[in-house]
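In: Next comes the sequence, and after it the predicted model I'd like to discuss.
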Amino acid sequence: MSKTLIGIGLNYRYFMLLFQYIIKKGIGDVRLKKNKYLDLLSKQFSSPEEIITEIINLKSIQNLPKGTEHFVSDLHGEYDAFQHILRSGSGNVKEKIKDCFGRTLSKGQKNELATLIYYPERRLALIKEEITDDWYSNTIQQLITLVKFSATKYTRSKLRKTLPKRFAYLIEELLYQTDQQGDKKAYYHEIVSEIIALKQADRLIIDLCYTIQQLVVDHLHVVGDIYDRGPAPDKIIERLMTYHSVDIQWGNHDIIWMGAAAGSPLCMLNTIRISARYNNLNIIEDTYGINLRPLLTYAEKYYEDNPAFRPKNISEGEAEEEVLETTKIHQAAAILQFKMEEQLVRRRPEFKMTHRLLLSATDYEALTVAIDGVSYPLTDTCFKTVDPSQPERLTGEEEDVIQRIMQNFIHSEKLKRHTDYLINNGTMYLVYNDNLLIHGCLPLNSDGSFKTLTIQSQTYAGKTLLDKFENALRTAYEQPHVADDLATDLIWYLWSGECSSLFGKTKMTTFERYFIKDKSTHQEYKNAYYHLREDEQICRKILKEFGLSSEQSHIINGHTPVKEIKGENPIKANGRMLVIDGGFSKPYQKTTGLAGYTLLYNSYGMQLVAHKAFSSVEQAVRDHQDIVSVKRIVDRPLERKKVKDTTIGRGLQKEIDELETLLTYLQQQG
Ligand SMILES: O=P(O)(O)OC[C@H]1O[C@](O)(COP(=O)(O)O)[C@@H](O)[C@@H]1O
Ligand SMILES: [Mn+2]
């Protein structure tokens, strides 16, 4: 212990204190300050033994196997599939059942047990009539065995914190049964029988099942795109809010909702446009309680039916009147978006987005638009409110409508709660356990150098660019009543700018896809990153930019659906690059041939899990249907990873060093 003398194990807080002190007072007073800090720290302990106990505790945690990380991305509102993935730990629950029970349970019994663990309430309700006391007793014993098995990686104290409060004492008694054959057998038997007799078995089983779900995954990463296209992004957020340990890397479809809550009318119009397109306006109106009536009244006045704007996913029996309303709102939101986008492009020349000035490039008599010198005919147009001499100008009525719905967005308590959650638990990128997590890309030039963006005479590229974007988003979010400052405009750039790390394509061809039949104009060319990321050296260079040089570092991306159907491999660059967007989004499953990838990273290495489409909770509960199809090993390090090899472990080591310094200090004080 005495090896770690003063100076070696100074932790970050301590180091910063010292540093500030040196600047202020000069080196002479440093020792005094350090002593003051140690005096303060020592107040947290009542005796040196307590410090020693804590050091031993932390050191033993360091040697436990690393906890399992679970990575998901591009959930796009598909709550049902997402919750199944969480409940099953992407197949991890089944894996534990297999390892724990081996051949003592048949395949059918293992599946039964797995379904019970995923959906305890529903499964119990379904088999209610068949349940006997013996079944209860057996099942409780199996679940206790599995809790124990799944908790071997954790300290007793961590397990205790995981246990549900209502039966904590009884579960602990059952978990730590030591004397199965002897006197205590009757005691344990009595506990279980009493629980059954008192009609508490269902509740205990439910608690044990959720404990197992929690134990099999230690930490969840959501690599962006919770919102848009699917029906229930709000439910995903609510679930994440109660999840035991999670971080988020923002996706382009998340930042537009954050932008809307941050008072950006453009982001708001875009969320309305996409929601109308996917027939999900109820998320805005019912879920978030945002009144869109002023927009509907306006849209009814100026828009008719239009095949290019009829929503996707019209359900059987849906009233035509409603479909028509959505079609009109869809057009209104799109045209208002195009107008405001032109205003933004003009006030931000440094964004280099003049190719989006398509309302200005339109000939309103001939109904054509000029793109790169070629004239294309326009179809399904709806330009009634566009003044050809000033196409970007909003009418007074339009300004008023936008103002009113913007206020409704800003004042939605629920939307604010959800976007606050994203702001507080999310970042533009994350370095965690030697991996770099980012939804989209690091914009690159074709020679592999970092692509630069110049804003207000400052040039940004690589990590500094991503930091700049993150700062802008946070600044804009702080000021929802400022609508057209640089920070707010940068959110729009993040949505569709060429050098955006969340978009990473030359241009977003929304206008073209509504109004031009020629599909060649719909093309969005991807940034060089998307093919250069196949190259190991490029990946290493990017990792280095973020301070990662470990042989086991990876970049983990979402955003671009991996087209397995066309033979695309999600594991790229000799394993350095993993792309986990397999398309949870139902509308995209035709192009991917799959229903998503997830990634598991436990102490033995990384596994990529491919998922089949999820049909329904009912079917999962009734037929034990699961959605894991194939698992692929990405990495299997020679040595099993321990907590000390992780980001958390590095933090613990600093604490250990600090406590050892404290101990030496106290010993010197006598
Ligand atoms: O098919 P949709 O929903 O109209 O959206 C297409 C648009 O979505 C984008 O693909 C961005 O969304 P993703 O992040 O899901 O790829 C744009 O590049 C494209 O213009
Ligand atoms: Mn995306």
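Out: It's in. The structure displayed is predicted, hence computed values, not measured ones. Residues are numbered from 1 along each chain as shown. Ligands and ions are numbered 1, 2, ... in the order given.
In: Look at the residue lying closest to D400 once chain neighbours are set aside and say how many residues are nearby.
Out: Nearest residue to D400, sequence neighbours excluded (CB to CB, 6 or more residues apart in numbering): P294, at 7.7 Å. For every residue, glycine as well, the C-beta is placed using N, CA and C. When neighbours are counted by other CB atoms under 10 Å, P294 registers 17.
In: Kindly report the same for E398.
Out: Neighbour tally, E398, other CB under 10 Å: 19.
In: Show me what the helix or strand containing it is packed against.
Out: Following DSSP states H and E, one finds E398 within helix 396-410. On a contact count with 3 or more CB pairs under 8 Å, 6 or more residues apart in numbering; DSSP states H and E, helix 396-410 meets helix 252-261, helix 265-277, helix 293-302, helix 320-347.
In: can you pull the buried residues of the very next helix or strand once past that helix?
Out: Sequence order places helix 413-425 as the next helix or strand after helix 396-410, per DSSP H and E. By 16 or more other CB atoms under 10 Å, the buried positions in helix 413-425 come out as 415, 418-419, 422-423.
In: what's in contact with helix 413-425?
Out: 226, 234, 237, 240-241, 246-248, 250, 254, 257-258, 260-262, 287-290, 409-410, 473-474, 477 (CB atoms under 8 Å, 6 or more residues apart in numbering).
In: On the pLDDT front, check D29 for me.
Out: For D29, the model assigns a pLDDT of 61.
In: show me what contacts H559?
Out: Contacts of H559 (CB under 8 Å, 6+ apart): 73-74, 224-225, 251-252, 439-441, 502, 504, 581.
In: In strands only, show me those.
Out: Within those, no residue falls in strands by DSSP state E.
In: Turn these into CSV, columns for distance to ligand 1, pLDDT and neighbour count.
Out: Listed next are those as CSV, based on distance: CB to the nearest ligand atom, whole Å; pLDDT from 0 to 100; neighbours: other CB atoms under 10 Å:
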residue, distance to ligand 1, pLDDT, neighbour count
S73, 10, 95, 28
D74, 7, 94, 27
G224, 8, 97, 29
D225, 6, 96, 28
G251, 6, 98, 27
N252, 5, 98, 22
H439, 8, 97, 30
G440, 8, 97, 29
C441, 11, 97, 25
L502, 8, 98, 28
G504, 9, 94, 25
D581, 8, 85, 27
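In: so which of the residues you listed are also by ligand 2?
Out: The subset of these within reach of ligand 2, by CB under 5 Å from the ion, is 225, 251-252.
In: Near ligand 1, which residues of this structure are found?
Out: Taking CB under 6 Å from any ligand atom as the criterion, the chain approaches ligand 1 at residues 225, 229, 252-253, 505, 508, 510, 524, 559.
In: one more time with 5 Å
Out: By CB under 5 Å from any ligand atom, the part of the chain that sits against ligand 1 consists of 252, 508.
In: quick one on the thing from earlier: hmm, which of the contacts of helix 413-425 are the buried ones?
Out: Buried among the contacts of helix 413-425 by 16+ other CB under 10 Å: 226, 234, 237, 240, 246-248, 250, 254, 257-258, 260-262, 287-288, 290, 409-410, 473, 477.
In: Could you break this structure into its assigned domains?
Out: 12-64+646-669, 69-223+558-641 (automatic domain parsing).
In: among those domains, which is the most enclosed?
Out: domain 69-223+558-641 (a mean of 18; mean count of other CB atoms under 10 Å).
In: shaky segments in the stretch 551-670 of the chain?
Out: Scanning the stretch 551-670 of the chain for pLDDT under 70 picks out 582, 590-594, 629.
In: Now do the helices in the stretch 401-550 of the chain.
Out: 413-425, 462-478, 486-496, 510-515, 529-532, 536-545 (DSSP state H, counting those that start in this stretch).
In: how about those, which one is nearest D447?
Out: helix 529-532 (9.2 Å; CB to CB).
In: could the helices of the stretch 401-550 of the chain go into TSV alongside distance to I274 and mean pLDDT?
Out: Putting the helices of the stretch 401-550 of the chain into TSV (distance: least, CB to CB, whole Å; pLDDT from 0 to 100) gives the following:
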stretch	distance to I274	mean pLDDT
helix 413-425	15	98
helix 462-478	19	98
helix 486-496	11	98
helix 510-515	10	98
helix 529-532	23	96
helix 536-545	30	98
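In: now, of these, which is deepest in the fold?
Out: By mean count of other CB under 10 Å, the helices of the stretch 401-550 of the chain have helix 486-496 as the most buried, with a mean of 23.
In: coming back round to it: identify the residues contacting the residue nearest to D400.
Out: P294 makes contacts with 400-401, 404-405, as judged by CB under 8 Å, 6+ apart.
In: mind listing the strands for the stretch 1-150 of the chain?
Out: 69-72 (DSSP state E, counting those that start in this stretch).
In: Tell me where the model's unsure across it.
Out: Using pLDDT under 70, the stretch 1-150 of the chain drops low at 1-32.
In: Repeat the analysis, applying 80 as the threshold.
Out: 1-34 (pLDDT under 80).
In: separation between the residue in it positioned nearest to ligand 2 and F584?
Out: Ranked by CB to the ion, the top residue of the stretch 1-150 of the chain for proximity to ligand 2 is D74, at 6.3 Å. As judged by CB to CB, to the nearest Å, D74 and F584 stand 6 Å apart.
In: overlap in contacts of these two?
Out: With CB under 8 Å, 6+ apart, D74 and F584 have common neighbours G596.
In: Who are the contact partners of L494?
Out: Taking CB under 8 Å, 6+ apart, one finds 252, 255, 469, 473, 500-503 in contact with L494.
In: quick one: which of these is nearest Y188?
Out: Of those, the one sitting nearest to Y188 (CB to CB) turns out to be I255, at 53.4 Å.
In: Local confidence estimate at that closest one?
Out: Value for I255, per-residue pLDDT: 98.
In: Likewise for the one 4 residues further on?
Out: Per-residue confidence at G259 stands at 98 (pLDDT).
In: And for it, the neighbour number?
Out: Neighbours around G259, by other CB under 10 Å: 27.
In: can I assume it is in contact with L490?
Out: No: G259 is beyond contact range of L490, at 9.5 Å (criterion: CB atoms under 8 Å).
In: which residues are common contacts for the two?
Out: Counting by CB under 8 Å, 6+ apart, the residues touching both G259 and L490 are 473, 476.
In: ranges for the helices of the stretch 1-150 of the chain?
Out: Under DSSP H, counting those that start in this stretch, the stretch 1-150 of the chain gives helices at 12-25, 30-42, 48-62, 79-88, 92-101, 107-118, 120-127, 133-150.
In: Any idea which of those helices gets closest to H554?
Out: Counting by CB to CB, and looking across all of the helices of the stretch 1-150 of the chain, nearest comes helix 92-101 at 19.2 Å.
In: Identify the residues contacting the most centrally placed residue in the chain.
Out: Centroid check for the chain by CA atoms, centre = their mean gives V222 as the closest residue, at 2.2 Å. Contacts here follow CB under 8 Å, 6+ apart; on that basis V222 touches 72-73, 75, 240, 246-249.
In: how near is it to ligand 1?
Out: Between V222 and ligand 1 the computed distance is 14 Å (CB to the nearest ligand atom, to the nearest Å).
In: looking at the sheet around that residue, what are its partners?
Out: V72, I248 (DSSP bridges).
In: roughly how far apart are it and F71?
Out: Taking CB to CB, one finds V222 at 8 Å from F71.
In: Show me what from this structure comes close to ligand 2.
Out: Counting by CB under 5 Å from the ion, the residues of the chain that sit close to ligand 2 are 225, 251-252, 559.
In: can you do 8 Å?
Out: With CB under 8 Å from the ion as the criterion, the chain meets ligand 2 at residues 74, 224-225, 251-253, 439-440, 502-503, 558-560, 581.
In: picking up where we left off before, and the domains of the chain as a markdown table, adding distance to N306?
Out: Output for the domains of the chain, formatted as a markdown table (distance: least, CB to CB, whole Å):
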| stretch | distance to N306 |
| --- | --- |
| domain 12-64+646-669 | 52 |
| domain 69-223+558-641 | 20 |
